[in-house]
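Visitor: What follows is a predicted structure for the sequence shown.
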Amino acid sequence: MLKKNMLLCCLLLLIVAFGNTTFAAPPYASILAYNQNNGSGAVTNMQTLGTLDIINMTPWDISIGPSANTTILKGMTAAPLQSFWLKGMNTPVVAGNNQVNNAFAYHSLQVPLASMNAAWVLDSPLNSYLGSTSYSTIPLVFNSLKFWSGSSTATNTVALDLMVTSSAGFASQAMNQFPATTLSYGDGTNNYGWESGDTSPNNSVMSKGVTNFLTIQQKQIQGTQNWVPITNNLAGINVQKGVGGTTPGTPIQCPPFLSVSGLAYPNFSSTAGVTAITGQNYDLVVIIQSGGYADMQLIFLAVPTANDGFINAAFKH
Amino acid sequence: MSFFRATIFALVLALSVFSGMKAEATAASATTSTPIQLATYGSLPVIVLNLTNSQINFDISTTNPTYYINSNGWGLPIVAGLSGVYYPKSDGTTTTVTNPYNQGLSGGANLASLEPVSGVTSAASQLNFMNMFTLFPSWTGAATINKVQYVALANLTNQGAAATSYNVVDGYPDGNGADVWKKSSDYTSAMGLNAAASTTCSINMDLVNNNVKQATYNININSLGKGSPNIPKAQTTSITSILDSILTGAGNVITILSGADAFDIIEMGVGALSSIQGIYEQSQIDPAVNVPAYNAASKGITVSATATFHDGGNETFSLTQQDNDSLTYQVVPPANTDQNFSLANQNSVLITTWRQCAQNTSVTTERNAADLLIVAVINEAYYSSLQLTQHLTQTVAPSQQKPAKEQVQSTKEVLGILTAIAKQHPQEAQYIVEIFGVHGKYKEIKKDPGALKIIDTRLKEILKPYKNEAMVIEQYLTKL
């Protein structure tokens, strides 16, 4: 009897504990990379060019993809793309690899994209949306040439997931025309998003509504340090008082620009054991951006920790 | 493993010949009919090098600051990298970009944005003559995203960009997506980045001697806005010769680093020089002319340069080479070189961009690297001293390689002598620059024994008075 009561007591405690737990998504930053419908049906919000640039201006090697020789972002790219890596800018060669060349080509890549007139058919379908919607996820591993499969336990690496989401009508299917909620940015505790009528077909008219998003989200950290959103210092934030929800009056973080965002990993040079200039520490900054008459871009930067205006407004010049 | 090309260059100490006259600025521009064309839109990686014996301070400017600054005062950065993050002020300019070796100190302390390359005298020296950063040069009037509601979320799980399960903590101006069609108070608007209009972002480089600005070189990145042409393939390319000049100008640094245990020097400056070396080698095998045309829904981005002179020297800024990939500008001294014109101000500005298919990674030719813009300011006297020292050394002992330390000392002495010659016999100094400078004929002449003999005859007369001031000159004159 005593044993039974103790078990019941433990179960009750567990229920109470989990009932009060708020599940927060790992830190993320997400952007609108392309939208075909500006509310009038046929005109795009941004005349985004059909290229994704991935540029490494850091001292750290970056692996992009789950494992070697794996096709990634299928449906998004104009020609098959396999997992690849970008060399850090510190050293030009990898010993024993006769495919390496010293040209900047191994620090950046331009990927031609499939047509944006129809939603890309990515590998994970989402079924709750008015138009065909799917996404793909690939890991980005920093300070590694071994991809996620070879680096997941390495203590001198960190990782993000890069997610591409493509929809022919980003609206809640159940409510027909209501725009779906999309991510904006989150720090692991506070999560923000937005929704726009421009992402859904206009009223009952099944006009074009292709919408593409790029998202980066924390996948691996070292110790207890999280990736940090940099939206505050990247195009800025307007803070408005909320007017409806479970807690009315909450300050809402409203990034004025929906097509640029980013995350930073503070002092990554110490974690990696690799720095850009001897004796100086650097933050790893990852920016995702897209724009009219511009490419979609995934940019990796090294910014001095003592002088990083992305994290600390005091260091904005 | 040797990362760098074997050279027999030496390092030079800067000795600025400075008139001390304060003069009004004179602007000079050299128009291009074939400016550099870029095929990367949204950001631009840049490597900038100071291959002179003067300091260079630089800032970044835009002709459209309002598109970078939001109502809170801060907005979009225009440059970010090893020096930090910079935003344009209301006048369109940033503060002076600090030297990458001087972080955490307000205003960059005592280092200029780019210190002279002549300050690299050993493997322990800081490579503070160069910088790497990313520009965001093209933003203009924002695109509009309509009928937007912002929300704070709790208990969020997501799949890709989609918030799948969540609670709406609160919303602005409304948290209910159903209301977004109802009335204007239930929605607001947001913005997207846009490069539809034309704008110019400039790297403004001030050449400084003894804390006095001598000249300003403006590297102008012209985003031309929306349009419909394609970016054509380069029909000719001079990138190989451009990079050869840059590597020659950095030759002393390369020699020093090659002499050290290169595996002990793992940092960005080494990597950048190695990248330039690698691009140079690659350009000889597989020139940029083979890269296919880039089809863009944009008029494109071009690069050109202008200059303003502050030294009263009546020099001009001449465009000497141009194609789709590279531009070379030369500061041309006044015809009458008895005027107070300093050799320290006689520079060339070399600009080039490189993009190339990543080798062995795709069977298609569609994939490309992003543009990398390389900007180098090279001093003619400094460059001439490197080349002249090579000539003197090779005349004395054609097969012998001098240790790095002796090379540094030799070219330091040669530059000092060249500077003295410029004071007393400016025409003779200009003769040396014409042969051994960035635009000189030495690289061709050194293959021609007959032409070398003519040069040696003239050099013998010019250098004779300085026989006792440099060992390498004494040895050269003895050999002749």
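Guide: Ah, there it is.
Visitor: The residue in chain B positioned nearest to chain A in helix, strand or coil?
Guide: Residue of chain B nearest chain A, by CB to the nearest CB: B:Gly278 (1.8 Å). Using the backbone N, CA and C atoms, a C-beta is placed for each residue, glycine as well. At B:Gly278 the chain is in helix, as set by DSSP: H, G, I helix; E, B strand; the rest coil.
Visitor: got it, and the one 3 residues further on?
Guide: Reducing the assignment to helix, strand or coil with three-state DSSP, the entry for B:Glu281 is helix.
Visitor: how close does it get to A:Thr247?
Guide: Using CB to CB, to the nearest Å, B:Glu281 is found at 62 Å from A:Thr247.
Visitor: So those two - more neighbours on which side?
Guide: For B:Glu281 versus A:Thr247, neighbours defined as other CB atoms under 10 Å in any protein chain shown are more numerous around B:Glu281 (16 against 13).
Visitor: And that one, what's its pLDDT?
Guide: Per-residue confidence (pLDDT) for B:Glu281: 80.
Visitor: what do you get for B:Ala358?
Guide: B:Ala358 carries a pLDDT score of 53 in this model.
Visitor: ditto for B:Gly313
Guide: 78.
Visitor: isn't it right up against B:Leu343?
Guide: No: between B:Gly313 and B:Leu343 there is no contact under CB atoms under 8 Å: 10.6 Å.
Visitor: more neighbours, the two?
Guide: Neighbour count, other CB under 10 Å: between B:Gly313 and B:Leu343, B:Leu343 has more, with 28 against 23.
Visitor: Give me the spatial nearest neighbour of the more buried one, chain neighbours excluded.
Guide: The spatial neighbour of B:Leu343 that comes closest, neighbours along the chain excluded (CB to CB, 6 or more residues apart in numbering or on different chains), is B:Ala381 at 4.0 Å.
Visitor: sec struct for the one you found, please.
Guide: Strictly by three-state DSSP, B:Ala381 counts as helix.
Visitor: what's the answer for B:Thr328, then?
Guide: Per three-state DSSP, B:Thr328 ends up strand.
Visitor: and the gap between it and B:Val377?
Guide: From B:Thr328 over to B:Val377 the distance is 12 Å, taken as CB to CB.
Visitor: And B:Gln103, by the same measure?
Guide: Relative to B:Val377, B:Gln103 is positioned 23 Å away (criterion: CB to CB).
Visitor: swap in B:Asp311?
Guide: Look at B:Asp311 and B:Val377: by CB to CB, they are 15 Å apart.
Visitor: Helices along the stretch 151-300 of chain B, start to end?
Guide: Assigned by DSSP state H, counting those that start in this stretch, the stretch 151-300 of chain B shows helices spanning B:239-249, B:251-259, B:268-285.
Visitor: other SSEs contacting the second one?
Guide: Same thing as helix B:251-259. Judged by 3 or more CB pairs under 8 Å, 6 or more residues apart in numbering or on different chains; DSSP states H and E, the packing partners of helix B:251-259 are helix B:268-285, helix B:404-424.
Visitor: And for A:Thr305, nearest residue in space, chain neighbours not counted?
Guide: Going by CB to CB, 6+ apart, A:Thr305 has A:Asn281 as its nearest residue, at 4.1 Å.
Visitor: With A:Pro125 instead?
Guide: Residue nearest to A:Pro125 in three dimensions, not counting chain neighbours: A:Ser134, with 4.6 Å by CB to CB, 6+ apart.
Visitor: What count of nearby residues applies to that neighbour?
Guide: So A:Ser134, with other CB under 10 Å, has 22 neighbours.
Visitor: ok, what's across the strand from it?
Guide: A:Pro125, A:Ser166 (DSSP bridges).
Visitor: my read: it touches A:Ser128, true?
Guide: No: A:Ser134 is beyond contact range of A:Ser128, at 11.9 Å (criterion: CB under 8 Å).
Visitor: Reformat the helices of the stretch 151-300 of chain B as JSON lines; add distance to A:Pro66.
Guide: Shown next, in JSON lines, are the helices of the stretch 151-300 of chain B (distance: least, CB to CB, whole Å):
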{"stretch": "helix B:239-249", "distance to A:Pro66": "36"}
{"stretch": "helix B:251-259", "distance to A:Pro66": "37"}
{"stretch": "helix B:268-285", "distance to A:Pro66": "27"}
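Visitor: Can you pull the phi/psi pair for the residue nearest to A:Thr305?
Guide: Dihedral pair for A:Asn281: phi -100, psi 150, per degrees, to the nearest 10.
Visitor: Hmm, it is touching A:Ser270, no?
Guide: Yes: using CB under 8 Å, A:Asn281 makes contact with A:Ser270 at a distance of 5.9 Å.
Visitor: These two: which is more packed in?
Guide: Taking other CB under 10 Å, A:Asn281 and A:Ser270 do not tie; A:Asn281 has more neighbours (19 against 14).
Visitor: Can I take it that A:Trp120 is in a helix?
Guide: No: assignment of A:Trp120 by three-state DSSP gives coil, placing it outside any helix.
Visitor: ok, the closest residue to B:Gly84 other than its chain neighbours - contacts?
Guide: Using CB to CB, 6+ apart and skipping residues adjacent in sequence, the residue nearest B:Gly84 is A:Asn307, 4.1 Å away. Contact partners of A:Asn307, counting by CB atoms under 8 Å, 6 or more residues apart in numbering or on different chains, are A:315, B:83-84, B:98, B:103-104.
Visitor: Put the buried members of these into a PyMOL selection.
Guide: Per 16 or more other CB atoms under 10 Å in any protein chain shown, the buried members of the contacts of A:Asn307 correspond to this PyMOL selection:
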select buried, (chain A and resi 315) or (chain B and resi 83+84+98+103)
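Visitor: Restricted to strands, list the contacts of A:Asn307.
Guide: If you go by DSSP state E, the contacts of A:Asn307 have B:Gly84 in strands.
Visitor: Between the contacts of A:Asn307, which sits nearest B:Ile221?
Guide: Taking CB to CB as the measure, B:Ile221 sits nearest to B:Ser83 out of those, at 17.8 Å.
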